[in-house]
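S.K.: Structure, please.
(one chain, ligands or ions: 1)
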Amino acid sequence: MKVSRRNFLWIAGAAVSGTLAAKLGCAPKQPPVEPGVPEPADQPVIAEDLRIQYAKTVTTVCSICGVGCGVLCYVENGKIVATEGDPDHPVSEGSLCSKGSALFNQYYVYNEKGEAVPNPQRLTKVLYRAPKAKDWEVKDWNWALETMAQRIKKTRDEYFTEKNAAGATVNRCTALAWLGSAMCTNEENYLFQKLGRALGITNLDHCARL
Ligand code: SF4
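M.R.: Sure thing, here's the model as predicted:
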C-alpha cells in the first residue's frame, strides 16, 4: 500500500493515541456483536447509484488561486455533475482547500427545492466595453482574440523602443501591460510571460504574483 505523507501522519497519530489510551485503561471497547445485525460485507452495494457512474472524467486546474491544485470534473451531457481533487496531480496530490472543495458551486447553486441549477452569476460570454462607452456588449471569442491581436500589434509597432536616450539597446515596449491568470497552470503562465517578454513588454504581473 502506498502511504502518503498525510496518511502516514494520520496513522502515526492514531497508533500513538491508541497505545496511550490502552496504557491509561481508557481505550474504547469493541461494540458487542448483536445477532441479526448484518456484517459490513452484507450491506447493500450502493456504488452503482453514484451520480458520477456514467460521467466522463476531465482533468483541470482549480480556478480560484495561483497554487494551481488539480481537479477532476465529472461531466455528463456537457454538464459538470461533481468535482473533486485529482490524486495524480503533482502539485496537490488530491487535496483541495475549502475554496477548491466548493468549486462545484462556482458552476451551480441550489434552488429552494435543493436542486443544482446553473449559477446565474457566472460569466459565460465575452463582454466588451468600448472606450468611453458605459454599456457592455456581448462579443464572440473570434472577435475578441482578433481585436486583441490587432491592438497589441498596433501599440507595439507604435511604441517599441530599440535604444534608450543614452543609446543603450533596450528593445522594450512600455505602452503595454501583461497580466497572467490564476485560472492557468504554472506552465501556461510560463509560456504567457515568455510571449510578453518576446514582445518587449516590461510591465508583467500576475494576480497571484507567479
Ligand atoms: S484548491 Fe485552494 S489552494 Fe488549491 S488552487 Fe484552489 S483555491 Fe488555491
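
S.K.: Whichever residue of the chain sits closest to the ligand: neighbouring residues, count only.
M.R.: For the chain, the residue closest to the ligand is G100, as judged by C-beta to the nearest ligand atom, at 2.2 Å. Every residue, glycine included, has its C-beta placed from N, CA and C. By the measure other C-beta atoms under 10 Å, the count of residues near G100 is 21.

S.K.: so it is in which element?
M.R.: Element membership of G100 [criterion: DSSP states H and E] is helix 98-101.

S.K.: Check which helices and strands that helix sits against.
M.R.: Using 3 or more C-beta pairs under 8 Å, 6 or more residues apart in numbering; DSSP states H and E as the contact test, no helix or strand touches helix 98-101.

S.K.: buried residues in it?
M.R.: Of the residues in helix 98-101, 100-101 count as buried by neighbour count, 16 or more other C-beta atoms under 10 Å.

S.K.: Just give me how far it sits from the chain centre.
M.R.: Centroid separation for helix 98-101 versus its chain: 9 Å, with C-alpha atoms, centre = their mean, to the nearest Å.

S.K.: who's in contact with the one residue sitting closest to the centre of the chain?
M.R.: For the chain, the residue nearest the mean C-alpha position is C62 (0.5 Å; C-alpha atoms, centre = their mean). Counting by C-beta atoms under 8 Å, 6 or more residues apart in numbering, C62 touches 68-71, 96, 99-100, 103.

S.K.: Equivalent analysis for W178, please.
M.R.: Residues in contact with W178 (C-beta under 8 Å, 6+ apart) are 192-193, 196, 201, 203-205.

S.K.: which residues are in contact with stretch 156-167?
M.R.: By C-beta under 8 Å, 6+ apart, the surrounding residues in contact with stretch 156-167 are 169-176, 199-200.

S.K.: again with stretch 91-104
M.R.: The contact list for stretch 91-104 (C-beta under 8 Å, 6+ apart) reads 4, 6, 62-65, 67-71, 80, 82-88, 116.

S.K.: ok, and which of those residues reach the ligand?
M.R.: Taking C-beta under 6 Å from any ligand atom as the test, the ligand is in contact with 62, 64-65, 67-69 out of those.
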